[in-house]
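>>> I would like to see how this sequence folds:
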Amino acid sequence: MTYQSRMTATLAASALALSASLAAAEEAPITIVINQSPWFPGFQAVVEAYEDETGNTVELDVNPFAGSLEKQRTAVRADESPFDILIMNAGFFVEFYTGGFIAPLQEIDASFELSDDIYTFDDSTCWNAEAKTITCDGGDLLSVPVNPNVLILHYRQDLYDEAGLSVPKTWDELYENAKTLQTDRRYGISQRGQRGTFDVTYDVFPYIWSHGGGIVDQQDDGSFQVSINSEGTLAGMETYLKLANDVGHPSTAGQTQTNVIQNMATGRAAHINSVPAPGLFDDESKSMVVGQVAYAPPPGTAEIPSATPLGHWLAGVPKNISDDNKQAALAFLSWFQTDAAQRAYAEAGSMPVSRAVLESEMADQPEYRWMKAMAEALPNARLTFTFPEATQVLAITELRLNQAIGGEMPLKEALNTAAEEITKVMQDAGYDIPAPELLQ
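Residues are numbered from 1 along each chain as shown. Below is the predicted model of the structure:
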């Protein structure tokens with residue numbers, strides 16, 4: 001049976017379960033603005049299952065990452081948003097929270113609650129406007145998670161078995177494994193390094209965090225400290241560059257997420273750190289490595305264990321839509337967090353946001369072997385940026401990190417330059433941040 005036919009069969013079975021679990025209610029048509037990404041086909045399939053079961057209409061407005069963000073920014077500032085659900089990324093949701101653009105879900109329906117099985121992803125579903133803090137302790141529930149989107153290590157299980165290798169826990173172990181598996185036709189590892197909206201910055205977090213570094217760190221008292229040119233960040237980037245230069249793609253600075261995933265799917269890479277795309281790797285029509293890709297949390301160091309960045313996606317309802325559309329949006333979000341919907345989401349090839357599903361018997365089935373790695377990685381996952389100026393900071397880090405990876409600028413110079421530029425952005429925004437101490 002092909003991947004497509006398996007997906008069709010499982011979705012059909014799930015639709016029966018969904019029909020039994022929920023009584024369909026007629027709601028106003030809604031439009032969801034969303035980005036094109038490796039997990040989108042699974043979301044699209046589940047939206048279609050919702051339409052089939054309820055008879056309600058959902059239109060998907062699909063865009064590139066940056067395009068979706070710009071449409072959301074414009075929509076929430078209009079007299080009436082053309083979108084009823086915004087799919088917000090972890091790097092930017094704070095901008096919409098602090099701007100007061102998102103409707104508290106319990107103001108739409110006082111009885112609405114986030115299911116106990118759904119991850120809050122470091123409390124990113126909630127916002128305390130008075131304290132200006134991301135917290136579910138006294139904060140309003142503003143969103144429902146729709147995709148975990150964390151980085152996990154992908155490796156070729158068949159090659160590991162042939163070479164007698166063990167799953168790496170540290171970057172040093174990963175380096176040695178990648179060196180062993182590198183050939184003239186296969187990269188030891190493929191890494192994303194191209195400049196984008198939140199591309200290379202997102203992918204270097206596991207390296208820099210596990211070496212004690214950061215970019216802009218929030219302190220216990222709520223203040224911020226620029227740390228992109230700290231010794232820890234320098235060490236993390238040196239580890240990234242060692243892998244890239246010694247056992248990686250010859251043009252890492254030009255590699256997009258799509259390139260990285262395709263390198264694995266076509267057998268050109270022994271390892272990648274990426275958001276999971278298990279449906280693609282096990283699809284016989286798209287992959288040369290069906291059944292051969294295995295998964296684990298990203299490596300760490302001997303001193304600091306694995307930590308993966310939250311690049312997850314949250315569904316929020318804009319304030320500037322009609323009450324009927326708010327109710328219709330909430331109806332979809334209520335349905336989406338049910339166990340049956342979350343299982344159908346996984347069956348369609350995407351990552352559920354339900355702990356119960358990730359830790360269920362599904363994880364023991366070969367096609368869902370990625371679930372255990374995801375469940376192991378999520379407890380150590382961290383938010384990346386918790387201030388609304390993140391887009392300005394990312395414009396800096398995407399450029400400077402890419403220049404360092406591509407050899408256009410020495411690493412220390414790139415980190416120092418980024419630190420000075422980020423400090424100015426934060427100071428101009430009113431933050432009390434001292435001038436950075438430069439690496440020598």
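>>> which phi and psi does T133 have?
Backbone torsions of T133, given as degrees, to the nearest 10, read phi -140, psi 140.
>>> oh, I was asking about S68
Per-residue torsions, S68: phi -60, psi -40 (degrees, to the nearest 10).
>>> make sure it is actually in contact with I32.
No. Using Cβ atoms under 8 Å, S68 is not in contact with I32, being 10.3 Å away. The way it works is simple: take the backbone N, C-alpha and C, and place the C-beta from them, glycine included.
>>> okay, these two: which has more neighbours?
Using other Cβ atoms under 10 Å, the more surrounded residue of S68 and I32 is S68, with 24 against 20.
>>> which residues touch S166?
Y160, E173 (Cβ atoms under 8 Å, 6 or more residues apart in numbering).
>>> on the three-state scheme, it is what?
What DSSP: H, G, I helix; E, B strand; the rest coil gives for S166 is coil.
>>> and it, how far from R77?
53 Å (Cβ to Cβ, to the nearest Å).
>>> again with A178
Going from A178 to R77 by Cβ to Cβ gives 47 Å.
>>> tell me which of these two has more neighbours.
Neighbour comparison, A178 and R77: the larger count goes to A178, with 23 against 12 (by other Cβ under 10 Å).
>>> what's the closest non-adjacent residue to that one?
G188 (3.0 Å; Cβ to Cβ, 6 or more residues apart in numbering).
>>> any idea how far H211 is from the one you found?
20 Å.
>>> follow-up on the earlier one: show me what contacts the residue nearest to A178?
Counted by Cβ under 8 Å, 6+ apart, G188 has contacts 177-182, 243, 246-248, 269-271.
>>> which one of those is nearest G406?
G248 (12.6 Å; Cβ to Cβ).
>>> burial count for that closest one?
24.
>>> just checking, it touches R186?
No. The pair G248 and R186 fails to qualify as a contact (Cβ under 8 Å) at a distance of 11.4 Å.
>>> what ranges of the chain fall below the confidence cut-off?
1-25 (pLDDT under 70).
>>> can I see the domain layout of it?
Domain segmentation of the chain under automatic domain parsing yields 3-148+310-368, 152-309+386-428.
>>> so can I have TSV of those domains showing distance to A435?
Putting these into TSV (distance: least, Cβ to Cβ, whole Å) gives the following:
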stretch	distance to A435
domain 3-148+310-368	25
domain 152-309+386-428	6
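>>> L378: which of these is closest?
domain 3-148+310-368 (6.4 Å).
>>> distance check, the residue nearest to A178 against P64.
Taking Cβ to Cβ, one finds G188 at 30 Å from P64.
>>> equivalent analysis for T74, please.
15 Å.
>>> now do P276
Taking Cβ to Cβ, one finds P276 at 20 Å from P64.
>>> which of those two has more residues huddled nearby?
The neighbour comparison of P276 against P64 (other Cβ under 10 Å) goes to P276, with 25 against 13.
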